[in-house]
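A.B. asks: give me the fold of what follows.
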Amino acid sequence: MSETPATEPQGLDDDLHNTILKGTYVETVDDGYVFALERGEEHALVELEELGWGASVEDGLEAELLVERKVGERWSASIRKAEKLRLWDGLEKMAAEGAEVEGLVTSKNRGGLSVDIGVRAFVPRSQVDVSRVDDLSPYVGRIATFKVMEFDAEKAQVVLSRRKLLERERKAERRKVADKLEEGAVFDGVVRGIKPYGAFVDVGGMEGLLHVSELSWGRIDHPGELLSVGDELQVVVLKFDPKRKRLSLGRKQLLSDPWADVTERYAEGDSVTGKVVSLADFGAFIALEPGLEGLVHVTELAWTDRIHHPREVLSMGQEILAKVISLNTDQRRLGLSIKQLQANPWEVLAADLTPGARFTGPIRNVTDFGIFVEAKPGIEGLVHVSNVSWNDREVDVTKTFTLGEEVEVVVLSVDIEGERLELGIKQLSQDPWEVAASTVEPGQKVKVEIVRVAEFGAFAQITEGVEGLIHVSEISEERVDDVARHLRPGQTVEALVLSVDTVARRIALSLKRDQLEEDQIKSYTEEGGATATLGDLLRSQLGIDEVPAVELRDRSSEEAPVEEAPVEAAPVEAPAEEAGEAPVEASADSEGVSEEE
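C.D. replies: Now for the predicted structure:
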């Protein structure tokens, strides 16, 4: 490349302009170094920065100078430019011969690398290495050998290649190691490329994949955490397919396996310290030592706090204390717990609140199926809708209770393992059916108040919250077609108790009978159920083989007023020989009469 001076030369010695001449050092002046030119008695001045400020130059030093222009009594000259011109003149020949040159990688750009070989040269990205390089940063600042590929004097461009030299070396090395690539063989390799799933390592001219899972016994999210392009490392051959030319490599196999003697260092119940290395929906992974991690499941983070994701209480890199709760060497799994370092609050609760204990607490949640009442900070118990009222089984808790309301409850059960607390409100008072059972018994005459009538009979209140049924067949000795003509709400009558069934919550009453026979009462006692006794009674009195069972329940079990019973649910007719008798029993639950064999 030719250099053009800023101004035309002065004087008669135009033949020295832009020529390369030898010069001999004479002296140092304020503005540079003076050299005597080999032609005539001319002198040239080289700027101080060319040789370094304050540099000591030996007398008689000879150097090639590019003489540029006349300035006063001397010519201006440059040693560096002369060197570049000599190199530039030789680059065309080097490109033709494919010569090698050493250079310093000075910078990177989208297309490749800039290299200083005395002049500025360029290495295309595709010629940097034998495989594609995504990140060129590791190459900047390195000194390497390149092959001169192209030279364009007009455009002042020099194109180099590092790949050509590497391919030549790899081809020679590949022949040497091909016969040695067997499972278990150990080689020194060089990292040629890095991907999210692993690193490509050059082993004796053959490139193999070092998968991210084979890098370390510990957790590695990206190979770049441990490796960089150009790194040298030892690897072991895991598998080699000569036909497909696929080579699988490993690194962790050359490292000591932390699971080999893990039982000698850890045992269930031990307290350990580790660092949080990963957070997932299901838990946190804790590194106890290089290559050894344990899992704290999300359910093991806290006893009572509702934690949806570990990041709510933990952060990456945090040092924590945990307890070893499981160790499986076959599956290489180590279970940890943070909450078990503290006493189980459910065990404390079970000791403080035994079944039958009463306490008052705020309502923390109201659902369709019940309410949750706080027993201890972070511990809530469920009052199921069926445990709210003895009489109203269909109570709407969403309308009855409000959040924050203080309610008194009784403990029904405590499940420590299941972490469940069952509570009740109705159990604060005695079951009215138990009261009724202790008040009335079969064969007893009681005064009752009619509360409502239906086609199949009338309901009468026996005690608070307990009703019995006077079936239409038990109202009168004569056939009753219209119950309302015989009984009305609010009317007080004296009735005979036919049966009491506290389990089914049914009481059968009769107005037409004055007493039960002793054998019938005895039968009720021995059978232990009202339905069987009533059946015996009716079979004896009516002379029929089978009679539908009476089914009486408290008012809360009714879904609609019995007066609205459908036509299809009409009372069961008595046998033909007793056609004059009304149906025997009815079920309040069906809002009509349902047969029971």
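A.B. asks: what residue, apart from its backbone neighbours, is nearest R132 spatially?
C.D. replies: G193 (6.7 Å; CB to CB, 6 or more residues apart in numbering). The C-beta positions use only the backbone N, C-alpha and C, and glycine is treated the same way.
A.B. asks: shouldn't that neighbour be in contact with V229?
C.D. replies: Yes - if you go by CB atoms under 8 Å, G193 and V229 touch, sitting 6.5 Å apart.
A.B. asks: burial count for the closest residue to F282 other than its chain neighbours?
C.D. replies: Nearest residue to F282 in three dimensions, chain neighbours excluded: V298, at 5.8 Å (CB to CB, 6+ apart). Counted with other CB atoms under 10 Å, residues neighbouring V298 total 18.
A.B. asks: domain assignment for this structure?
C.D. replies: Taking automatic domain parsing as the reference, the chain has its domains at 14-82, 181-254, 262-341, 345-428, 438-578.
A.B. asks: rebuild those domains as a markdown table, extending it with distance to E169 and mean pLDDT.
C.D. replies: Listed next are those as a markdown table, based on distance: least, CB to CB, whole Å; pLDDT from 0 to 100:
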| stretch | distance to E169 | mean pLDDT |
| --- | --- | --- |
| domain 14-82 | 33 | 82 |
| domain 181-254 | 7 | 87 |
| domain 262-341 | 35 | 90 |
| domain 345-428 | 67 | 90 |
| domain 438-578 | 91 | 67 |
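A.B. asks: nearest to G98, of these?
C.D. replies: domain 181-254 (20.2 Å; CB to CB).
A.B. asks: straight-line length of that closest one, end to end?
C.D. replies: 17 Å (CA to CA, to the nearest Å).
A.B. asks: next one: that domain to chain centre, how far?
C.D. replies: Computed by CA atoms, centre = their mean, to the nearest Å, the chain-centroid distance of domain 181-254 equals 30 Å.
A.B. asks: can you tell me the centre-most residue of the chain?
C.D. replies: The structure's the chain has its C-alpha centroid closest to D281; by CA atoms, centre = their mean the separation is 1.6 Å.
A.B. asks: excluding sequence neighbours, find me the nearest residue to that residue.
C.D. replies: H309 (6.2 Å).
A.B. asks: re the thing from before, distance of the residue nearest to R132 relative to P138?
C.D. replies: Counting by CB to CB, to the nearest Å, the gap from G193 to P138 is 11 Å.
A.B. asks: where do the contact lists of the two overlap?
C.D. replies: Common contact partners of G193 and P138 (CB atoms under 8 Å, 6 or more residues apart in numbering): V229.
A.B. asks: what about the two, which has more around it?
C.D. replies: G193 (20 against 16).
A.B. asks: what residues does the residue nearest to R132 make contact with?
C.D. replies: Here G193 is in contact with D129, S131, R132, V133, D134, A199, F200, V229 (CB under 8 Å, 6+ apart).
A.B. asks: out of those, who's the most crowded?
C.D. replies: Of the contacts of G193, with other CB under 10 Å as the count, A199 tops at 28 neighbours.
A.B. asks: residues in contact with the residue nearest to D281?
C.D. replies: Contacts of H309 (CB under 8 Å, 6+ apart): L279, D281, V298.
A.B. asks: now, which of those residues sits nearest E289?
C.D. replies: Nearest member of those to E289, counting by CB to CB, is L279, at 19.6 Å.
A.B. asks: doesn't that closest one belong to a strand?
C.D. replies: Yes - under DSSP: H, G, I helix; E, B strand; the rest coil, L279 sits within a strand.
A.B. asks: beta partners of it?
C.D. replies: Assessed by DSSP bridges, L279 has beta-bridge partners A284.
A.B. asks: let's number from 2 now, not from 1
C.D. replies: Taking 2 as the first residue, the last one we looked at is L280.
A.B. asks: wouldn't it be in contact with V314 here?
C.D. replies: No - applying CB under 8 Å, one finds L280 not in contact with V314, separated by 10.2 Å.
A.B. asks: for stretch 327-334, buried residues please.
C.D. replies: Residues of stretch 327-334 classed as buried: L328 (neighbour count, 16 or more other CB atoms under 10 Å).
A.B. asks: repeat for stretch 243-262
C.D. replies: L248, S249, L250, G251, R252, K253, P259.
A.B. asks: residue contacts, the fourth one?
C.D. replies: By CB under 8 Å, 6+ apart, the contact set of G251 is L211, E215, V236, V237, V238, L239.
A.B. asks: mind running it again at 10 Å?
C.D. replies: 185, 187, 209, 211-212, 214-216, 236-240 (CB atoms under 10 Å, 6 or more residues apart in numbering).
A.B. asks: got it, and the third one?
C.D. replies: If a contact means CB under 10 Å, 6+ apart, then L250 has 188, 190, 199-202, 204, 208-212, 215-216, 234-241 as its contacts.
A.B. asks: let's see which of these end up in strands.
C.D. replies: 188, 190, 199-202, 204, 208-212, 234-241 (DSSP state E).
A.B. asks: need the buried ones from the residues you listed selected in ChimeraX.
C.D. replies: In ChimeraX, a selection of the buried entries from the ones in strands among the contacts of L250 looks like this (16+ other CB under 10 Å):
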select :188,190,199,200,201,202,204,208,209,210,211,212,234,236,237,238,239,241
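A.B. asks: before we move on, back to that, what separates the residue nearest to the centre of the chain from E313, distance-wise?
C.D. replies: Taking CB to CB, one finds D282 at 12 Å from E313.
A.B. asks: quick check: neighbours shared by the two?
C.D. replies: V299.
A.B. asks: still on that earlier bit, now render the contacts of G251 as a markdown table, adding distance to F286.
C.D. replies: Shown next, in a markdown table, are the contacts of G251 (distance: CB to CB, whole Å):
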| residue | distance to F286 |
| --- | --- |
| G185 | 31 |
| V187 | 30 |
| G209 | 29 |
| L211 | 23 |
| H212 | 20 |
| S214 | 15 |
| E215 | 19 |
| L216 | 17 |
| V236 | 26 |
| V237 | 26 |
| V238 | 30 |
| L239 | 25 |
| K240 | 28 |
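A.B. asks: ok, these vs G469, which is closest?
C.D. replies: Among the contacts of G251, and counting by CB to CB, the member closest to G469 is S214, at 75.6 Å.
A.B. asks: list the contacts for the closest one?
C.D. replies: Y198, G199, R220, I221, G251, K253.
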